[in-house]
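Peer 1: coordinates for the following, if possible.
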Amino acid sequence: MSKSVRSVAINKPTSWLADFGQLIKFRLTLLVVITALGAALIATRGAVDLLTLLLLGVGGFSITSAANALNEILEKDFDRLMTRTAQRPLATGRMQVNSALLIAGLLFVVGILLLALFNPLASLLGATSVVLYAFLYTPLKRITPFSVFVGAIPGALPMMIGVVALEGRLTYLALVLFAIQFFWQFPHFWSIGFLGFEDYRKAGYKLVPMTGDVINRSLGWQCLIFSLFLVPCCLAPAMLGEIAPWSSGVAILFSLIYSWYSWRLHVRFDRESARNLMFCSFFYLPLILLTFYLGTTPWS
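Peer 2: Numbering: from 1, shown residues only. Sure thing, here's the model as predicted:
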């Protein structure tokens, strides 16, 4: 692509709403909110209060949006270097940093206040997730692949927040769901990192295990290990009496399927295997949450 054509592509007009959606990473934010609400539904054990879910959803959406907006503010110069992010509003200059900061600040305040309506711990966990994601994980991405481990902590907090908001304290269920979301992230992000390796390298991001300038062959093996950690995590809720045993059994089956795709990446170490693992990861969490929820209902 010539320089002139690239310039036109980067500066093509777009609506303010579309820019806002890109700033907060709308689809990613929506997925995070779904996981938090799914965890909250499990905590209700079948008793659903729509107003409670609405407040939690808006609060979680606001907190996650604030974290994503801060992430894009801090990475705007690096976003310009990657094909997948070059169209973002801050990278192109369609949105000013001051405007993005104002949006992030307002969303953060709204999110914290809404979560505080449930209890202080939920609000504290929400604030912690923003700080860890924006100000620790984001700069570490260009320093060490260990950043993925750091980022997995705020990445796993949404389901914990969903439970804590409903139960008012840190329960075994909250810890188990946190662990599931934590371990799930490694095959998920490493498969994405495998597929986007060259693009990420342009911006200096180190998101996968590396040997020199290439991806370490241990990546698939590590995906397998972390996906297998999900098996005992899925067994734990039934052992604790939180869900029906059949529900844990189905969840373990999903975890073994996830592990199989991780194994295929280890054996084949190609883009097709990484793509299959990535798509499997998209389905894994929603299916686990649905299975656990059905395992808590009166008819289970």
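
Peer 1: residues near residue 215, how many?
Peer 2: Neighbour count for residue 215, taken as other C-beta atoms under 10 Å: 18. Placement of C-beta: from N, CA and C, glycine included.

Peer 1: can you tell me how far the closest residue to it other than its chain neighbours is from residue 78?
Peer 2: Spatial nearest neighbour of residue 215, excluding adjacent residues (C-beta to C-beta, 6 or more residues apart in numbering): residue 208 at 5.3 Å. Distance, residue 208 to residue 78, using C-beta to C-beta, to the nearest Å: 17 Å.

Peer 1: before we move on, what about residue 112?
Peer 2: 28 Å.

Peer 1: backbone dihedrals for residue 143, please?
Peer 2: phi -110, psi -40 (degrees, to the nearest 10).

Peer 1: distance check, it against residue 215.
Peer 2: Residue 143 sits at a distance of 18 Å from residue 215 (criterion: C-beta to C-beta).

Peer 1: who has more neighbours, residue 208 and residue 78?
Peer 2: Legend: neighbour count by other C-beta under 10 Å for residue 208 and residue 78, higher for residue 208 (22 against 18).

Peer 1: confirm the more buried one sits in a helix?
Peer 2: No: Residue 208 sits outside any helix when classified using DSSP: H, G, I helix; E, B strand; the rest coil, being coil.

Peer 1: strands of the stretch 201-300 of the chain, start to end?
Peer 2: Taking DSSP state E, counting those that start in this stretch to define them, one finds strands in the stretch 201-300 of the chain at 210-211, 214-215.

Peer 1: most centrally placed residue in this structure?
Peer 2: residue 155 (4.8 Å; C-alpha atoms, centre = their mean).

Peer 1: what helix or strand does that residue sit in?
Peer 2: Assessed by DSSP states H and E, residue 155 sits inside helix 147-167.

Peer 1: what mean pLDDT does the next helix or strand after that helix have?
Peer 2: Downstream of helix 147-167, the first helix or strand assigned by DSSP H and E is helix 172-195. Mean pLDDT, helix 172-195: 97.

Peer 1: hmm, back to that, got a list of what the nearest residue to the residue nearest to the centre of the chain once chain neighbours are set aside touches?
Peer 2: Once flanking residues are discounted, residue 155 sits nearest to residue 185: 5.2 Å by C-beta to C-beta, 6+ apart. Neighbouring residues of residue 185 by C-beta atoms under 8 Å, 6 or more residues apart in numbering: 148, 151, 152, 155, 156.

Peer 1: ok, residue 45 next?
Peer 2: The neighbours of residue 45, taking C-beta under 8 Å, 6+ apart as the test, are 296, 297.

Peer 1: which non-adjacent residue is nearest residue 259?
Peer 2: Nearest one to residue 259, counting by C-beta to C-beta, 6+ apart, is residue 227 at 4.2 Å.

Peer 1: test my guess that residue 108 contacts residue 62.
Peer 2: Yes: when contacts are counted by C-beta atoms under 8 Å, residue 108 is listed as touching residue 62 (7.3 Å).

Peer 1: and these two? Which one has more around it.
Peer 2: The residue with more neighbours, out of residue 108 and residue 62, is residue 62; 24 against 21, by other C-beta under 10 Å.

Peer 1: what is the neighbour count of the closest residue to residue 178 other than its chain neighbours?
Peer 2: Nearest residue to residue 178, sequence neighbours excluded (C-beta to C-beta, 6+ apart): residue 160, at 4.2 Å. As a burial measure, residue 160 scores 26 neighbours (other C-beta under 10 Å).

Peer 1: buried residues in the host helix or strand of residue 59?
Peer 2: Using DSSP H and E, residue 59 sits in helix 50-74. Neighbour-count burial for helix 50-74 flags 52-53, 55-57, 59-74 (criterion: 16 or more other C-beta atoms under 10 Å).

Peer 1: quick one: mean pLDDT for that helix?
Peer 2: On average, the pLDDT along helix 50-74 is 96.

Peer 1: for that helix, packing partners?
Peer 2: In terms of contacts (3 or more C-beta pairs under 8 Å, 6 or more residues apart in numbering; DSSP states H and E), helix 50-74 is packed against helix 16-23, helix 26-44, helix 97-116, helix 120-132, helix 138-140, helix 147-167.

Peer 1: now with 10 Å?
Peer 2: The contact analysis (3 or more C-beta pairs under 10 Å, 6 or more residues apart in numbering; DSSP states H and E) places helix 50-74 against helix 16-23, helix 26-44, helix 89-92, helix 97-116, helix 120-132, helix 138-140, helix 147-167.

Peer 1: reformat the ones you listed as TSV; add mean pLDDT and distance to residue 279.
Peer 2: As requested, those are arranged in TSV below (pLDDT from 0 to 100; distance: least, C-beta to C-beta, whole Å):
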stretch	mean pLDDT	distance to residue 279
helix 16-23	95	23
helix 26-44	95	14
helix 89-92	96	27
helix 97-116	98	30
helix 120-132	97	26
helix 138-140	96	26
helix 147-167	96	19
